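K.L.:
Have a look at this prediction, sequence included:
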Amino acid sequence: MISAYYFGAISLILIGLYAILTKRNLLKILVGLSIMETGVNLLLISVGYVSGRTAPILTEGATPQTAVDPIPQALVLTAIVIGVATTALALTVAINLYEKYKTLDIEKIRGLRG
Amino acid sequence: MVKRALAIIIILITGYWLANALAQVPFGADKMLVGKYYLENVKEQTGAVNAVTAVVVNYRGFDTLGEVTVLFIAATGVAALLWRKKRERTAKSEGSVVLQTGSRLLLPFIMLFGAYIFIHGHLTPGGGFPGGATIATAFLMLYLAFREYEIPHNVFEPLEGLAGMSYVIVGLIGLAIGGYFLFDWIWQTWQLGHANIGRLFSAGFIPIIYTLIGLKVGTELTGIVDNMVKEPKEGGQ
């Protein structure tokens, strides 16, 4: 049996993947991509969790023995920022496509090619 | 219908594979190797209380410089893709009275909160990236509330470049003093703030770099918002 956090993370990844595979609206595909990103972030954070320990901020009362792994959290911080950057760029491409084809339906955009 | 069935099959295969792989990784067990070293030495080596910030800015500072560069390239890409000769705000009406009054009232507090988040990055959860995003939120609210509002471009763009350049300069000073790029010269050479670990004036260059990152991220995200809000003028491209 896998834990509830892994299950939630995998579910988010799969929901995002389903949206990317089946939706025809470009914005919905981007929403799916964002959901998938959230799932990956949750997966990384839950891999770094250690039962019964607190956040890795070593103020009074917290010692290195009572803190969770800081590295996955640092990695996720990076991943979130890169996610924002890629989402902004993808939305810009979507704006450009809409201005050109007046639609966000990827099949119609494909049909207009040539 | 075929497409949907195919998608479900792909998802089931991927899900089974992911669950199988994760069954080997026990949840909640202590799997730390490098993390343990960081946690045990973070106070002496960097002076920061928040181990995540120490990893992001100090131990892996070069990586964070790359991250800031990626964000910069994305902002430049947004500006380049949306570049037209005439672009302007095309909102039909002003924001409601509640939105206008609320944004006027809340603007200084949101800016203050963002500044608090990035200045206290080495003590509390947060840092330059969330702080910068908070500041950008304040400007997004102004854009939503006022039809004619536009950020002062002649302040924002030099500030963004200056913040990015200062980050590299801080790293180069470390190269000159300590022998490698992004060496923490304030903490290790000048020994400043060793007496007050856990207070604001500690952790060497982490607050300085996070302030620079906060300014850079804030101006950059505001620039992205500004680019996306404006639309080409009716009739002419």
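P.N.:
Yep, that arrived. Numbering: from 1, shown residues only, chains lettered A, B, ... in the order given.
K.L.:
How about residue B:198, nearest residue that isn't a chain neighbour?
P.N.:
Closest residue to residue B:198 apart from its sequence neighbours, by Cβ to Cβ, 6 or more residues apart in numbering or on different chains: residue B:49 at 5.1 Å. Any C-beta I mention is one placed from the backbone N, CA and C, and that applies to glycine too.
K.L.:
For residue B:182, list the residues it contacts.
P.N.:
Residue B:182 is in contact with B:58, B:61, B:62, B:65, B:170, B:171, B:174, B:175, counting by Cβ atoms under 8 Å, 6 or more residues apart in numbering or on different chains.
K.L.:
let's go with 10 Å and repeat that
P.N.:
B:57-65, B:167-168, B:170-175, B:205, B:209 (Cβ atoms under 10 Å, 6 or more residues apart in numbering or on different chains).
K.L.:
Those residues: which ones sit near chain A?
P.N.:
B:57, B:59, B:60, B:63, B:64 (Cβ under 10 Å from any Cβ of the partner chain).
K.L.:
In helices, which of those residues fall?
P.N.:
Among these, the members falling in helices (DSSP state H) are B:63, B:64.
K.L.:
between the ones next to chain A among the contacts of residue B:182, which has the most around it?
P.N.:
Neighbour counts for these were taken using other Cβ atoms under 10 Å in any protein chain shown; the highest belongs to residue B:57, with 31 neighbours.
K.L.:
What are the buried residues along whichever strand or helix holds residue B:18?
P.N.:
For residue B:18, the host element (DSSP states H and E) is helix B:2-22. Neighbour counts over helix B:2-22 (16 or more other Cβ atoms under 10 Å in any protein chain shown) mark B:7, B:11, B:15, B:18, B:22 as buried.
K.L.:
Can you narrow the residues you listed down to the ones near chain A?
P.N.:
The subset of the buried residues of helix B:2-22 within reach of chain A, by Cβ under 10 Å from any Cβ, is B:7, B:11, B:15, B:18, B:22.
K.L.:
Test my guess that residue A:96 contacts residue A:109.
P.N.:
No: counting by Cβ atoms under 10 Å, residue A:96 stays clear of residue A:109, with 11.1 Å between them.
K.L.:
Which of the two has more residues huddled nearby?
P.N.:
Using other Cβ under 10 Å as the criterion, residue A:96 and residue A:109 rank with residue A:109 on top: 16 against 12.
K.L.:
what residue lies at the spatial centre of chain B?
P.N.:
residue B:129 (2.1 Å; Cα atoms, centre = their mean).
K.L.:
So that one: helix, strand or coil?
P.N.:
Classification of residue B:129 by DSSP: H, G, I helix; E, B strand; the rest coil places it in helix.
K.L.:
Read off the pLDDT value for it.
P.N.:
Note on residue B:129: pLDDT of 88.
K.L.:
tell me the contacts of it?
P.N.:
Counting by Cβ under 10 Å, 6+ apart, residue B:129 touches A:77-78, A:80-81, A:84, B:56, B:64, B:67-68, B:71, B:117-118, B:121, B:210, B:213-214, B:216-218, B:221.
K.L.:
Go ahead and build a ChimeraX selection from the buried members of those.
P.N.:
The buried residues among those can be selected in ChimeraX (16+ other Cβ under 10 Å) with this line:
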select /A:77,78,80,81,84 /B:56,64,67,68,71,117,118,121,210,213,214,216,217,218,221
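K.L.:
Which of the contacts of residue B:129 fall in helices?
P.N.:
Judged by DSSP H, helices contain the following of those: A:77-78, A:80-81, A:84, B:64, B:67-68, B:71, B:117-118, B:210, B:213-214, B:216-218, B:221.
K.L.:
ok, and the closest non-adjacent residue to residue 59?
P.N.:
Since you didn't name a chain, this refers to chain A. Distances taken as Cβ to Cβ, 6+ apart put residue B:49 closest to residue A:59, at 5.4 Å, once the chain neighbours are dropped.
K.L.:
wrong chain, I was asking about chain B
P.N.:
Nearest residue to residue B:59, sequence neighbours excluded (Cβ to Cβ, 6+ apart): residue B:38, at 6.7 Å.
K.L.:
Closest one of the buried residues of helix B:2-22 to chain A?
P.N.:
residue B:7 (3.9 Å; Cβ to the nearest Cβ).
K.L.:
How about the contacts made by the closest one?
P.N.:
Shown in contact with residue B:7 (Cβ under 10 Å, 6+ apart): A:17, A:18, A:19, A:20, A:21, A:22, A:23.
K.L.:
so how many other residues sit close to the last one?
P.N.:
Going back to what we said before, that points to residue A:23. Residue A:23: 16 surrounding residues under other Cβ under 10 Å.
K.L.:
again, but for the fourth one
P.N.:
Summarising burial for residue A:20: neighbours were counted as other Cβ under 10 Å, giving 17.
K.L.:
And the strands in chain B?
P.N.:
Ranges of strands within chain B are B:87-88, B:231-232, based on DSSP state E.
K.L.:
Distance from the chain centre to the last one, please.
P.N.:
Shown here is strand B:231-232, whose average C-alpha point lies 28 Å from the average C-alpha point of the whole chain (Cα atoms, centre = their mean, to the nearest Å).
K.L.:
wait, does that strand contact chain A?
P.N.:
Yes: Strand B:231-232 reaches chain A (Cβ under 10 Å from any Cβ) through B:231, B:232.
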